[in-house]
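[1] Predicted model and sequence below, questions to follow.
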Amino acid sequence: MNSKQLREIFLKFFQKNGHKILPPSSLVPENDPTVLFTTAGMQQFKDYYIHPQKAPAQNIATCQPCVRTSDIELVGDDSHLTFFEMLGNFSFGGYFKEVAIKYAYEFLTKDLAISHERISVGVFAGDKDIPLDQESESYWKLLKIPEEKIKKLGRDELFWGPTGAQGPCGPTSEIYVDKVEVWNLVFNEYYYKDGKLSPLQTPGVDTGVGFERLLAVLNAPPAGGQGKKTVYETDLFENLKLKVQNLKEGAEDERKIRIICDHIRAITFLLAEGILPSNKAQGYVLRRLIRRAKVFGQLLGVEGIFLPQLAQIVVDEMGEVYPLLAKNKDEIEKNLKEEEERFEKTLATGLKELERRIKDNELSGKDAFVLYDTFGFPLELTQELAGQKGVKIETDEFEKLMGEQKERARASAEIFTKREANPRLHTAAHLLHKTLQEVLGPNALQRGQDITGEVLRFDFSHPSKLSEEELGKIEKIVQEKIAANLPVQTIETTLQEAKKLGATALFYQKYGDKVTLYYIGRDLESAFSKELCGGPHVKNTSEIDQFKIISEKSAGSGIRRIKAKVD
């Protein structure tokens, strides 16, 4: 079975069983400060577990691209990836444990014809706060899963959530095929806040299927008979691996090839979202992935600019399923080429720095860490280059410094999760967005924003620096709208009708049939700004008082950034 067939079979199964199929959400969660990227299929549905009446349907299924870099050092083994797809079915008060377990088992054993003997499961063992999940255990036993194949595990393994400081959470039940985890059934029945768990008024189901893992076990003996056992030995990676091997004849280091192939998938999807390499937030992760892919290409002996060639394969193979790739094909290639060329120069500088820091045929762990932190040299690249010269590296000191950096990053993350959207900044961002289009033209579209602090950061597409006259005009228009005491209002409508009404839709691929349209004005017809959005906002522009632009600069190729103070 190939990847295209598996996606289609999954979605058709749940559509047949009364689920609404929704398009995937953006890889950059809108107005969700708890994470940098969409890391699971349920990301766009978090609010529905608390407010199920807002859901576009009671039962939903999706195929969702995800990015996670927490285990980046493990990428290249048989299962870890930075970019992956998550198949999921979700219910907001429609069904619970019995039906969720029945669906999963039926899909695996009937639609995919996986032998019952290959399946084992895990259920939550319980702890001092929450009892053993006997309900899930009993349903698995009714499906003839033997006692010895039902593992009971604790909170670290089989309890999910919440994302951030508070939110829905609950016990999980995992499904394994040949001892490989392929499906996680999350039963959201609690709400966590201030260290306490309270029952959710309406329990919900959130399941996630590791798409690549499931594809791998389907193509492993005895099911597929093709001898494929890892996520990298499926059709998703076949042409990428061949291309890397062709770029360097004789390239045989499987792990390095796998890392390059994984990273280019994440890189291509992030660039398609309009994210550009930078030294902050999502842009920093993108830059790191590009540099790692380039470095491992260097270790294989690949010369010249090669990453855009690999990105082209990703676009060609996945552009039909994810149209954003095909739509932004030229921008992906252009921005990736520019970043790779920039890093080639950094690599050359880093090599000189390596030579300079070698003392008495040794390189200190501190110097190795500087090469990693400043020049993007992973330890294995430094070891490879140093080894060619017979130079020893103090790896213990390097690992100590890496641990300290990770601890600091974990603390840059705890602060991040506590930040919430500022309604005044959010409404000001809508006013600014519309004003930019009026002053600069309709192509001045939002490409990112930060509305979680005291200063508004707004990124938008525009080819050149704004003049003092343009900035003055923008500031004046926004201030006029604030002074006009315009109400901020909402309606629920369809995506098609919202577009007819002139609403701006960002991340268009995430919207379902029902959308929320925020408009700023006395009525919808004469409203100044109309955007599809999830809130929060002020009730009237008079709550903002004053809007003042404090800087305007480049945020990458073809992207400008305005920072503004809102009092």
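    Everything's here; your move. Numbering: from 1, shown residues only.

[2] mind listing the strands for the stretch 51-200 of the chain?
    59-67, 83-92, 119-124, 150-153, 159-160, 167-177, 180-193, 196-210 (DSSP state E, counting those that start in this stretch).

[3] roughly how far out does the last one sit from the chain middle?
    Remark: strand 196-210 is offset 21 Å from the chain centroid, using Cα atoms, centre = their mean, to the nearest Å.

[4] heads up, I number from 678, so please use that
    From this message on, residue numbering opens at 678, which makes the last subject strand 873-887.

[5] Which element is encountered next along the chain beyond it?
    Next in sequence after strand 873-887, counting helices and strands by DSSP states H and E, comes helix 888-895.

[6] and that following helix, what does it pack onto?
    With contacts defined as 3 or more Cβ pairs under 8 Å, 6 or more residues apart in numbering; DSSP states H and E, the packing partners of helix 888-895 are helix 680-693, strand 760-769, strand 857-870. (Glycine included, C-beta is placed from N, CA and C.)

[7] per-residue confidence averaged over it?
    For helix 888-895, mean pLDDT is 92.

[8] Give the helix, strand or coil label for the residue nearest to M763 when sequence neighbours are not counted.
    Leaving aside its chain neighbours, M763 sits nearest to G718 (4.2 Å; criterion: Cβ to Cβ, 6 or more residues apart in numbering). Per DSSP: H, G, I helix; E, B strand; the rest coil, the secondary structure class of G718 is coil.

[9] and the residue lying farthest from the centre of the chain, what does it touch?
    Within the chain, the residue lying farthest from the chain centre (Cα atoms, centre = their mean) is D1037, at 44.9 Å. Shown in contact with D1037 (Cβ atoms under 8 Å, 6 or more residues apart in numbering): no residues.

[10] And E1115, by the same measure?
    By Cβ under 8 Å, 6+ apart, E1115 lies in contact with I1154.

[11] Distance of it relative to G1125?
    20 Å (Cβ to Cβ, to the nearest Å).

[12] so D804 sits right up against G831, yeah?
    Yes - counting by Cβ atoms under 8 Å, D804 does reach G831; the two are 6.2 Å apart.

[13] Ranking helices and strands of the protein by mean pLDDT, which lands last?
    helix 1072-1095 (a mean of 72; mean pLDDT, DSSP states H and E).

[14] Tell me the buried residues in the following helix or strand past that one?
    Downstream of helix 1072-1095, the first helix or strand assigned by DSSP H and E is helix 1100-1117. Neighbour-count burial for helix 1100-1117 flags 1100-1114, 1116-1117 (criterion: 16 or more other Cβ atoms under 10 Å).

[15] What pairs with the helix or strand just after helix 1100-1117, parallel or antiparallel?
    Downstream of helix 1100-1117, the next assigned helix or strand under DSSP H and E is strand 1123-1127. In the sheet, strand 1123-1127 lines up against strand 1132-1138 (antiparallel) (DSSP bridges).

[16] Residues contacting the helix or strand immediately after the partner strand in the chain, please?
    Using DSSP H and E, the helix or strand that follows strand 1132-1138 towards the C-terminus is helix 1145-1160. Helix 1145-1160 is contacted by residues 1105, 1108-1109, 1112-1113, 1115-1117, 1143, 1197, 1205, 1218-1219, 1221-1226, 1229, 1239 when judged by Cβ under 8 Å, 6+ apart.

[17] quick one, helix 1145-1160 and helix 1100-1117 angle?
    Interaxial angle, helix 1145-1160 versus helix 1100-1117 (axes from the mean of the first three to the mean of the last three Cα atoms, to 10 degrees): 130 degrees.

[18] Now helix 1145-1160: average pLDDT?
    Helix 1145-1160 comes out with an average pLDDT of 94.

[19] Stretch 815-825 too?
    96.

[20] same deal with stretch 999-1010?
    The average pLDDT for stretch 999-1010 rounds to 92.

[21] If we go by neighbour counts, what in that stretch is buried?
    Y999, L1001, L1002, N1005, K1006, E1008, I1009, E1010.

[22] same question, stretch 695-706
    Buried residues in stretch 695-706 (16+ other Cβ under 10 Å): H696, K697, L699, P700, P701, S702, S703, L704, V705, P706.

[23] partner residues bridging the second one?
    Taking DSSP bridges, one obtains I737 as the residues bridged to K697.

[24] That one contacts A732, correct?
    No - counting by Cβ under 8 Å, K697 stays clear of A732, with 9.1 Å between them.

[25] Packing partners of the longest helix along the chain?
    The longest helix of the chain (DSSP state H) is helix 1006-1034. Other helices and strands packing on helix 1006-1034, by 3+ Cβ pairs under 8 Å, 6+ apart, are helix 931-949, helix 958-977, helix 984-995, helix 1042-1052, helix 1056-1065.

[26] That helix versus helix 984-995: what angle between them?
    When the same axes, to 10 degrees is applied, the directions of helix 1006-1034 and helix 984-995 differ by 140 degrees.

[27] got a list of contacts for the helix or strand just after helix 1006-1034?
    Where DSSP H and E defines the elements, the next helix or strand beyond helix 1006-1034 is strand 1039-1040. Residues outside strand 1039-1040 that contact it (Cβ under 8 Å, 6+ apart) are L1031, R1034, T1059, A1063, V1068, K1069, I1070, E1071.

[28] Please report how far the fifth one lies from Y853.
    To Y853, V1068 is 45 Å away according to Cβ to Cβ.

[29] before we move on, back to that, to F722, which of the helices and strands packed on helix 888-895 lies closest?
    strand 760-769 (5.7 Å; Cβ to Cβ).
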